[in-house]
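> Would you be able to build a 3D model of this:
(2 chains)
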2 protein chains.
Amino acid sequence: MVNKQLLDPQSIVVVGGSDDIQKPGGKVLKNLIDCGYKGKIFVVNPKLDEVQGVKAYRDVSELPQVDLAIMAIAAKFCPATVETLTKEKNTRAFIILSAGFHEESEAGGKLEQQIVDSINAVNGCLIGPNCIGMMNANYAGVFTTPIPTFDPKGIDFISGSGATAVFIMEAGIPKGLTFNSVYSVGNSAQMGVEDVLKYLDETYDPKTSSPIKLLYVESVNKPDLLLKHASSLIRKGCKIAAIKSGSSAAGSRAASSHTGAMASPDVAVEALFRKAGIVRCGGREELATVASIFMHPELKGKNIAIITHAGGPAVMLTDALSNNGLDVPHIEGPKASALLEKLFAGSSVANPIDFLATGTAEHLGLIIDACENDFDNVDAMAVIFGSPGLCPVYDVYDLLHEKMKSCKKPIYPILPSVINVKDEIAHFLAKGRVNFPDEVVFGNALAKVYHTPKPMPEVAELPTVDVKAIRKVIDGVDNGYLSPEAVQELLDAAGITRAGEAVVTSREEAVKAAGKLGYPVVMKVVGPVHKSDVGGVVLNVRDAETAAREFDRMITIKDTTAILLQPMLSGVELFVGAKREDKFGHLVLCGLGGIFIEVLHDVKAGIAPISVAEASTFIKSLKSYKILEGVRGQEPVNQELFAEMVSRVSALVTVAPEIFEMDLNPLLGRKDRVVAVDARIRIEK
Amino acid sequence: MVNKQLLDPQSIVVVGGSDDIQKPGGKVLKNLIDCGYKGKIFVVNPKLDEVQGVKAYRDVSELPQVDLAIMAIAAKFCPATVETLTKEKNTRAFIILSAGFHEESEAGGKLEQQIVDSINAVNGCLIGPNCIGMMNANYAGVFTTPIPTFDPKGIDFISGSGATAVFIMEAGIPKGLTFNSVYSVGNSAQMGVEDVLKYLDETYDPKTSSPIKLLYVESVNKPDLLLKHASSLIRKGCKIAAIKSGSSAAGSRAASSHTGAMASPDVAVEALFRKAGIVRCGGREELATVASIFMHPELKGKNIAIITHAGGPAVMLTDALSNNGLDVPHIEGPKASALLEKLFAGSSVANPIDFLATGTAEHLGLIIDACENDFDNVDAMAVIFGSPGLCPVYDVYDLLHEKMKSCKKPIYPILPSVINVKDEIAHFLAKGRVNFPDEVVFGNALAKVYHTPKPMPEVAELPTVDVKAIRKVIDGVDNGYLSPEAVQELLDAAGITRAGEAVVTSREEAVKAAGKLGYPVVMKVVGPVHKSDVGGVVLNVRDAETAAREFDRMITIKDTTAILLQPMLSGVELFVGAKREDKFGHLVLCGLGGIFIEVLHDVKAGIAPISVAEASTFIKSLKSYKILEGVRGQEPVNQELFAEMVSRVSALVTVAPEIFEMDLNPLLGRKDRVVAVDARIRIEK
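As a prediction, this is how the structure comes out:
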């Protein structure tokens, strides 16, 4: 719904523009003028003929035709103004800064809806209301500062909060971040963060579009849209980082208290970001650092050369990288020795490459060339160069800039002396570069970027399931927990291996079934939800006599309608579950069972549908993964089969979205089989 | 060894002072002059009579008496110069900036030793060589910038690296950090970080001394000194934070490559910091943030009120605090309602307390007063106040400053608009305040400070052990693994409960012993180190016939000298170990056994001696702690007894430092007993 009038308006009217630049209406006008907007500017002000040197009209009806309206008038006046502009002035883009809409009251919500209806009627677009506005290289349609430097390859930044957008820019601009566009969506009456992202995806041109997107989101309202367009953009070569605040229970309350939006459950957000390939950040500083990393060539491997003129920061960076799964590989051999000979005595090239406090720009150039051309085990360079304040370092930073232009491997500049060589750093940033002032903040962020998986393929390959059989069961049952028979049918239809079993209602049947399954067997009551708690599970029943005796006892347990018999199996206890999450579809969870879930919370979750390949990545990222490989002489678990079970559960809930929650707990895993021993499925249509 | 001449010299000579302020000798002189040193300054320069307006002497021999010498001349000239100054000029303090000593060559090491000997001979003190110098409110004896603001209650900062000290100050000064003293110890020829800390401890006066210490350490050379004086200072009311770089294996290599010092093993460092109560930081940004927290009253509880005029940062801070174990408690009740009525419509006081973008300084004052006086479930306030750039906010920051003076609860100012209200923030900092520009960085640091335990008592209360019996065993054995009998004697002497056992060398003895211990028993070979691997462990031997048959088989296993029998016990597998670490004494480790050590690396370590109380804190901080409390119907483990076993192991290695490593693995824990089932002890005298 973003249109040309919003992105590149030929004329703009500020409705409510004034001379008071401490008010939004005055300040947005000032920003338009100061930033050199090239089109025509009009102002509507009921009392003045000229505002800030711009011709003012007393009423919108007097205006000539105008592409974009930026409105800073009381909410109650907005609907009529929008109506006039759309109908009489051919205005097709609106930025409404004013508050007092649905975020404040029900009456405000109605005003908001009227505005949206008017704009939709002419296929126009709306940013806001209750926002700081938007800006790009064409115009600064915001009432706030700072106005960043615009650059076609700078960041496209979409924020669900205006103040937070300001603070994020204030964190990023001193580091050298430049922008291509900034959208503050406010109440998202017509367009939210996801809708703007959709537009950026659908119009993406690798030659002219910016490849970097940053998002600040307090509530994921359209997860399907976010997943689709974020992953699509990343597949096209973009990089996306986002803050989704409200990750803690208390944080969710904080988010809802101020936006009125129920925060999306965080596990689902985490799973969505991972599936889409979005780098999730926890705060502004981290987001700005990740964005700074995005402004460099992609890191293609985990081996980092640290080039430094001071030991301490190099050691701290080595720690940060190594402790986060990146490598600072040892560098040696004839080419390393040749490099060492060209440096001052006492230098080291072992990595960190330390060319000493006295090292020169020329030395730095030699080292970078060697890392670029000679050292195959180097994927990127981090150059640390500050200053004790004795001499200017323009020559060093100029050389760094030139090398960054010519080298294929990414070079990350860590320039810690933000006081001593402030001017030199400003000079460096003015060339379009960024600076990482803290090596540890940089190292942690680099590892996070590197470890964020690529987006999953658009279409997940799923194992074949018997859709007809599944639908038949689902369509025939009521809400609530399914009977063992229905569970069996669903598992069979989904191709989920389960323990052989029999459900019996008489002592004779019990003995017969046990004999057929083969002793020892397990007997469980059918009916009670928490079977163990009521004495409804007996393991290791070894003979007919015991089976008969236990049947007689168990059938009398409250709520028991029948007895389930299964062969007694062994293996590592595994867990697969699924849960429907509002708006997100189904989350599918997997892990080891027992204490691993209960005590260690070692579970991974993904959003259905989940291919076997995606499930494998979950399994491999479990903290207890090594147990699946077999430790202490235990048999390993067949990981392919485990992953297949996860994928089959996802296929089942995809076909049967009426499943509200289900779990296979435990599955027993061995090297030749993974078998569901107990399953619960709850339907909520 | 720090003396008055170093701290408050009446006269200073810069040996090697010059007019070239891009060289250390010129720059240090300029710093002395520019910072208004009030004593006499002399210069020694072989070619000039006046340098930077200061009278220069051609040779040190021509100088008058002088308290402190700052030396910036080639290493080879230093020993003679020091000799002359100590013997003829009564100079008792030296700062040697020059490099070219033991960090460079063996010959340099000899020069360094000559200097130390000369200075020690007159009971003088030496900072360096190979350092940037030192500074305090009396003089700026460094050749670097920036020179921070000095304040008697500012930070005492001791750094093992000069360049890193500069970069740490550059990270901290923009946040508002002020200093009381800065020491860069360089090669630590006479005084290292630990020695300076010792001096600060021994001269600590709660009225006049600064309570904040920061350390940057690349190598802990005197762990005993560091532990003693850091914990002593903290007990006196100080707060200490430190970076110990080289925490990763690669980082250790990086550290050693540039300092020539072997990095101390990181687990020991971690244990030492925890025992001392030092807040360990990973980087400069974190260190500066922790130091900023130190500049506020101590946080006495975990409940934080977040006061904000913008939603986003409040939500992110709530997440950061909650995810790190602090609370943002719900605020409600009549007093909350009364407060809400005084704020603009749409505000929230539920916590975060959001008084909206339009909220005023007056509103902020009302909120702070309510948090200070009315809300008992608030221990501290974090005030977030930035600006979109419309109006100045001096009034808000002035009010904040006044409230911070009058309130007892800590108030942390989070002022994100480092661009929009740069001047207001500078004005606020000029009053001696600090700023936390990023709420998440702040939240993470606050949680780290809050969760750092208090120092352990100076004297650890240890369980009584039979010292005489322990020494008798230790004195009588050779290096290597102890025999089962010796292990038994040591465990008994240390009061460590062990399974009853018998060591036998004949089939008859085996059958007899098994009967006496009570079936079922476990049989293990004595001799082979990895018993399981050679088939040398048999569990659950239920009768005499099996015992006899297994004896016959096991006694023929290679290296087997005897067979050990124990009763078959059950319980949760626990682990206690000890290992001697160079310089640190013994590390004692504990955790759950089996996969918890091998797969999940869930182990805590402390430095001996360890009281039962300290051991309890380790046990409670295990990730698998809940298992000790009993889960899934399992019997809980007696934690007091487990802690006692840890403490007894620490008592044993304290009495017998010849123990190089030992482990009790497993101990079997139940609610009534914790019994060592297998133990290995290796001696290295």
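
> List the residues that contact the residue of the stretch 51-200 of chain A at minimum distance from chain B.
In the stretch 51-200 of chain A, the residue that lies nearest chain B is A:Thr164 (3.0 Å; CB to the nearest CB). (Glycine included, C-beta is placed from N, CA and C.) Each residue near A:Thr164 by CB atoms under 8 Å, 6 or more residues apart in numbering or on different chains is listed here: A:216, A:284, B:310-313.

> run the last query once more with 10 Å
A:132, A:184, A:216, A:218, A:243, A:245, A:284, B:310-316, B:386, B:416 (CB atoms under 10 Å, 6 or more residues apart in numbering or on different chains).

> ok, now which residue in chain A is the farthest from the centroid?
Using CA atoms, centre = their mean, the residue of chain A lying farthest from its centre is A:Glu545. It sits 58.1 Å away.

> Verify the contact between that residue and A:Val511 for me.
Yes. Applying CB atoms under 10 Å, one finds A:Glu545 in contact with A:Val511, separated by 8.8 Å.

> so where do the strands sit in the stretch 301-450 of chain A?
Secondary structure of the stretch 301-450 of chain A (DSSP state E, counting those that start in this stretch): strands at A:304-308, A:353-354, A:380-384, A:411-414.

> nearest to A:Gly25, of those strands?
Ranking the strands of the stretch 301-450 of chain A by proximity to A:Gly25 (CB to CB) places strand A:411-414 first, at 41.3 Å.

> In what element of secondary structure is the spatially most central residue of chain A found?
The residue lying closest to the centre of chain A (CA atoms, centre = their mean) is A:Phe273, at 2.9 Å. For A:Phe273, the host element (DSSP states H and E) is helix A:266-276.

> following that helix, which helix or strand shows up next?
By DSSP H and E, the next helix or strand past helix A:266-276 is strand A:279-281.

> For the stretch 1-150 of chain A, give me the ranges with low pLDDT.
Judged against pLDDT under 70, the stretch 1-150 of chain A has no low-scoring part.

> and A:Asp49, how far is that from chain B?
25 Å (CB to the nearest CB, to the nearest Å).

> Return the distance of the host helix or strand of the residue farthest from the centre of chain A from the chain's centre.
Assigning secondary structure by DSSP H and E places A:Glu545 in helix A:544-554. From the chain centre to the centre of helix A:544-554 is a distance of 54 Å (CA atoms, centre = their mean, to the nearest Å).

> List the buried residues in that helix.
A:546-547, A:550-551, A:554 (16 or more other CB atoms under 10 Å in any protein chain shown).

> how about CSV for those, with pLDDT added?
Shown next, in CSV, are those (pLDDT from 0 to 100):
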residue, pLDDT
A:Thr546, 92
A:Ala547, 92
A:Glu550, 93
A:Phe551, 94
A:Met554, 93
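
> Where do the helices of the stretch 1-150 of chain A begin and end?
A:4-7, A:24-34, A:78-88, A:106-121 (DSSP state H, counting those that start in this stretch).

> Can you tell me which of those is most buried?
Most buried of the helices of the stretch 1-150 of chain A by mean neighbour count (mean count of other CB atoms under 10 Å in any protein chain shown) is helix A:24-34; its value is a mean of 23.

> do that helix and chain B meet?
Yes. Judged by CB under 10 Å from any CB of the partner chain, helix A:24-34 comes into contact with chain B through A:24, A:26-27, A:31.

> If you count contacts, what does that helix end up packed against?
Secondary-structure packing of helix A:24-34 (3 or more CB pairs under 10 Å, 6 or more residues apart in numbering or on different chains; DSSP states H and E): strand A:11-15, strand A:40-44, strand A:50-51, strand A:54-57, strand A:68-71, strand A:133-136, strand A:140-142.

> just the ones you listed: most buried one?
Comparing those by mean neighbour count (mean count of other CB under 10 Å), strand A:68-71 ranks first with a mean of 30.

> Residues of the stretch 351-500 of chain A that sit close to chain B?
Residues of the stretch 351-500 of chain A lying close to chain B by CB under 10 Å from any CB are A:351-354, A:356-358, A:384, A:386-392, A:414, A:416-422, A:437-444.

> does A:Glu501 really touch A:Met568, like I thought?
No. Look at A:Glu501 against A:Met568 with CB under 10 Å: they stay out of range, at 11.8 Å.

> Pick out whichever of the two has more residues nearby.
A:Glu501 (19 against 16; other CB atoms under 10 Å in any protein chain shown).

> With adjacent residues omitted, what lies nearest to that one?
Spatial nearest neighbour of A:Glu501, chain neighbours left out: A:Gln566 (4.5 Å); criterion: CB to CB, 6 or more residues apart in numbering or on different chains.

> Which secondary structure element is home to the one you found?
Going by DSSP H and E, A:Gln566 is part of strand A:562-567.

> Tell me what angle the next helix or strand after that strand forms with helix A:266-276.
As assigned by DSSP H and E, the chain's next helix or strand after strand A:562-567 is strand A:572-581. With axes from the mean of the first three to the mean of the last three CA atoms, to 10 degrees as the basis, strand A:572-581 and helix A:266-276 are set at 100 degrees to each other.

> about what we covered before: hang on, the residue of the stretch 51-200 of chain A closest to chain B in a strand?
No. Counting by DSSP: H, G, I helix; E, B strand; the rest coil, A:Thr164 is located in no strand; its state is helix.

> Looks like A:Pro334 contacts A:Ala370 (just checking).
No. At 11.5 Å, A:Pro334 does not count as touching A:Ala370 under the criterion of CB under 10 Å.

> Between those two, tell me which one has more neighbours.
A:Ala370 (22 against 8).

> On the pLDDT front, check the closest residue to that one other than its chain neighbours for me.
Counting by CB to CB, 6+ apart, A:Ala370 lies nearest to A:Leu339, which is 4.7 Å off, once chain neighbours are set aside. As predicted, A:Leu339 sits at a pLDDT of 97.

> Now do the contacts for A:Leu339.
A:Leu339 touches A:331, A:347, A:349, A:353, A:355, A:363, A:366-367, A:369-371, A:374-375, counting by CB under 10 Å, 6+ apart.

> For A:Tyr199, state which of these is nearest.
When the contacts of A:Leu339 are compared for distance to A:Tyr199 (CB to CB), A:Cys371 wins out at 40.4 Å.

> Taking the stretch 401-550 of chain A, what residue is nearest to chain B?
Going by CB to the nearest CB, chain B is nearest to A:Val440 of the stretch 401-550 of chain A, at 2.7 Å.

> wouldn't that residue be in contact with B:Ile243 here?
Yes. Taking CB under 10 Å as the definition, A:Val440 is a contact partner of B:Ile243 at 9.2 Å.

> shared neighbours, those two?
Common neighbours of A:Val440 and B:Ile243 (CB under 10 Å, 6+ apart) are A:316, A:319, B:281-284, B:286-287.

> Using JSON lines, lay out those together with pLDDT.
Shown next, in JSON lines, are the shared contacts of A:Val440 and B:Ile243 (pLDDT from 0 to 100):
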{"residue": "A:Met316", "pLDDT": "96"}
{"residue": "A:Asp319", "pLDDT": "94"}
{"residue": "B:Cys281", "pLDDT": "98"}
{"residue": "B:Gly282", "pLDDT": "95"}
{"residue": "B:Gly283", "pLDDT": "97"}
{"residue": "B:Arg284", "pLDDT": "98"}
{"residue": "B:Glu286", "pLDDT": "98"}
{"residue": "B:Leu287", "pLDDT": "98"}
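
> Alright, that wraps it up for me.
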